[in-house]
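[1] Predicted coordinates and the sequence they were generated for:
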Amino acid sequence: MTTAPYDDQNIFAKILRGEIPCFKVYEDEHTLCFMDIMPRTDGHCLVIPKTPCRNVLDASDAQLAAVMATVKKVANAAKAAFDADGITLQQFNEAAGGQEVFHLHFHIHPRHEGVGIRPPGQMGDMDVIKGHAEQISAQL
């Protein structure tokens, strides 16, 4: 079974082109980190490569290296920004693996002991999300 081709009309591709706004946390030459607008934890953000790839299964080693370097940087900043006890990373591959947006992305969730992850699909308060982006950015 072959992987479907990359769809340049996915929401993250549109964010990269500036067609859809986002609350940017961090950006470098190869990656972008922005807030999830349906946050499952306070500080829930996403790291993506700036170049096309569906997921880990078709990503180049260079794409993965760049994304993981940003994941580490932002995860440490998010842990500090929210005085979190830990970090949960999530990454899904293909529909059967739970992937919904077919552009490689890692979810970063600051976590506190005894506090669960909220259910998916609930739109967050944009003012709160913007504030969370600023808190994480301030740690970078």
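    In hand now; what should we look at?
[2] Dump stretch 20-30 to CSV, restricted to CA.
    Output of stretch 20-30 as CSV, limited to C-alpha atoms (Å, rounded to 0.1, in the frame of the first residue of the first chain):
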residue,chain,number,x,y,z
ILE,A,20,-4.8,31.2,7.5
PRO,A,21,-3.6,33.1,10.6
CYS,A,22,-2.0,31.4,13.6
PHE,A,23,-0.6,32.2,17.0
LYS,A,24,3.1,31.8,16.2
VAL,A,25,5.4,30.6,19.0
TYR,A,26,8.7,30.0,17.2
GLU,A,27,10.0,30.0,13.7
ASP,A,28,13.3,29.3,12.1
GLU,A,29,14.5,28.6,8.5
HIS,A,30,13.1,25.0,8.5
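[3] So for it, what gets flagged as buried?
    22-23, 25-26 (16 or more other CB atoms under 10 Å). C-betas here are computed from N, CA, C, even on glycine.
[4] now stretch 123-130, how far from the chain's geometric center?
    The chain centre lies 15 Å from the centre of stretch 123-130; the measure is CA atoms, centre = their mean, to the nearest Å.
[5] got the contact list for it?
    23, 35-39 (CB atoms under 8 Å, 6 or more residues apart in numbering).
[6] Sort out which residues of that stretch are buried, please.
    124, 129.
[7] tell me the mean pLDDT for that stretch?
    Stretch 123-130 carries an average pLDDT of 98.
[8] Ok, stretch 63-81 next?
    On average, stretch 63-81 scores 98.
[9] So which residue is dead centre in this protein?
    A centroid search over the chain (CA atoms, centre = their mean) returns residue 46, at 0.9 Å, as the residue closest to the centre.
[10] Ramachandran coordinates for that residue?
    phi -130, psi 140 (degrees, to the nearest 10).
[11] Can you pull out the low-pLDDT segments for the chain?
    1-2 (pLDDT under 70).
[12] ok, which stretches of it are strands?
    Taking DSSP state E, the strands of the chain run over residues 24-27, 31-35, 45-49, 86-90, 106-111.
[13] Quick check, residue 133 in contact with residue 27.
    No: using CB atoms under 8 Å, residue 133 is not in contact with residue 27, being 11.9 Å away.
[14] before we move on, the earlier item: so which of the strands of the chain gets nearest residue 138?
    Smallest distance to residue 138 across the strands of the chain (CB to CB): 10.2 Å, for strand 24-27.
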